[in-house]
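**Q** Have a look at this prediction, sequence included:
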Amino acid sequence: MSLINSESTLDEIKETVLSLLNRAGNDPKSAYRYIVFNTLSDDFPNARYVVLRKFDKIELELYVYTDYRSDKIHEIEANPRVSILAYDKQKKFQIKLKAQATLHYKDEISNHHWNSINSGKESYNTELNPGKPIESITEGHKLKPEIDDKYFTVIKLKIQFMEVLQLNKEGHIRAKFDFENNNEAFLVP
């Protein structure tokens, strides 16, 4: 079953996608909960899955979490323009976003998110930096003596551009939404 069809308007498509992202920020079972987050490193684009923790439908902002010591922090500091890719295999529906990333570390936003976490705080409390070479797997699981928000970071992603693609036997549907220039259109798939 397709999410959009040839009768769908641009406004309906936009509302559908924003609702999907909003649901993903609240529902761990959503197909869009785990998204591919792309930054630019020195040599190549750098892609990894992250968890969509929250979506603000009014402000068009996604929130994801990371460890302040991770490579993505340095990449965002060098170039805050990022992209996100999400796909629902069942619905055959792709969402591609371009966004401006803002880091929140040891501020009101990061404190609010830290206090809302029920489980998983250990992920931001390893003794060693993410990505550091280790001799054994267990080395990477060693935690600091105290679980705290010392390295916890929230990445706020302000959507500037959105493109969607619905794969469909009757004909694929593609549309773009440029929020920066207030421009939207259907595209040739």
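**A** Nice, thanks for sending it over. Numbers count the residues shown, from 1 in each chain.

**Q** longest helix anywhere in the chain?
**A** helix 10-24 (DSSP state H).

**Q** Could you name the helices and strands sitting against that one?
**A** Here helix 10-24 touches strand 54-56, strand 93-105, strand 152-166, strand 173-178, strand 183-187, going by 3 or more Cβ pairs under 8 Å, 6 or more residues apart in numbering; DSSP states H and E. From N, CA and C alone the C-beta is placed, and that goes for glycine too.

**Q** Determine which stretch of these is the most buried.
**A** Mean neighbours per residue, mean count of other Cβ atoms under 10 Å, is largest over these for strand 152-166, with a mean of 21.

**Q** ok and it relative to strand 183-187, angle-wise?
**A** 50 degrees (axes from the mean of the first three to the mean of the last three Cα atoms, to 10 degrees).

**Q** helices or strands up against strand 152-166?
**A** Contacts defined by 3+ Cβ pairs under 8 Å, 6+ apart place strand 152-166 against helix 10-24, strand 61-67, helix 71-78, strand 93-105, helix 108-116, strand 173-178.

**Q** could the ones you listed go into a markdown table alongside distance to residue 127 and mean pLDDT?
**A** Converted to a markdown table, the helices and strands packed on strand 152-166 look like this (distance: least, Cβ to Cβ, whole Å; pLDDT from 0 to 100):
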| stretch | distance to residue 127 | mean pLDDT |
| --- | --- | --- |
| helix 10-24 | 32 | 98 |
| strand 61-67 | 12 | 98 |
| helix 71-78 | 18 | 97 |
| strand 93-105 | 19 | 99 |
| helix 108-116 | 19 | 97 |
| strand 173-178 | 43 | 99 |
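
**Q** Make a markdown table out of these and add distance to residue 34.
**A** Below are the helices and strands packed on strand 152-166 laid out as a markdown table (distance: least, Cβ to Cβ, whole Å):
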| stretch | distance to residue 34 |
| --- | --- |
| helix 10-24 | 9 |
| strand 61-67 | 10 |
| helix 71-78 | 16 |
| strand 93-105 | 13 |
| helix 108-116 | 18 |
| strand 173-178 | 22 |
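
**Q** ok, back up a step: could you work out which of the helices and strands packed on helix 10-24 reaches nearest to residue 134?
**A** Residue 134 sits nearest to strand 152-166 of all the helices and strands packed on helix 10-24, at 21.6 Å, using Cβ to Cβ.

**Q** sorry, back to before: okay, buried residues for the longest helix of the chain please.
**A** Neighbour counts over helix 10-24 (16 or more other Cβ atoms under 10 Å) mark 13, 14, 16, 17, 18, 20, 21, 22, 23, 24 as buried.

**Q** Out of those residues, which comes closest to residue 186?
**A** Among the buried residues of helix 10-24, and counting by Cβ to Cβ, the member closest to residue 186 is residue 13, at 8.9 Å.

**Q** what about that closest one, distance to residue 19?
**A** For residue 13, the distance to residue 19 (Cβ to Cβ, to the nearest Å) stands at 11 Å.
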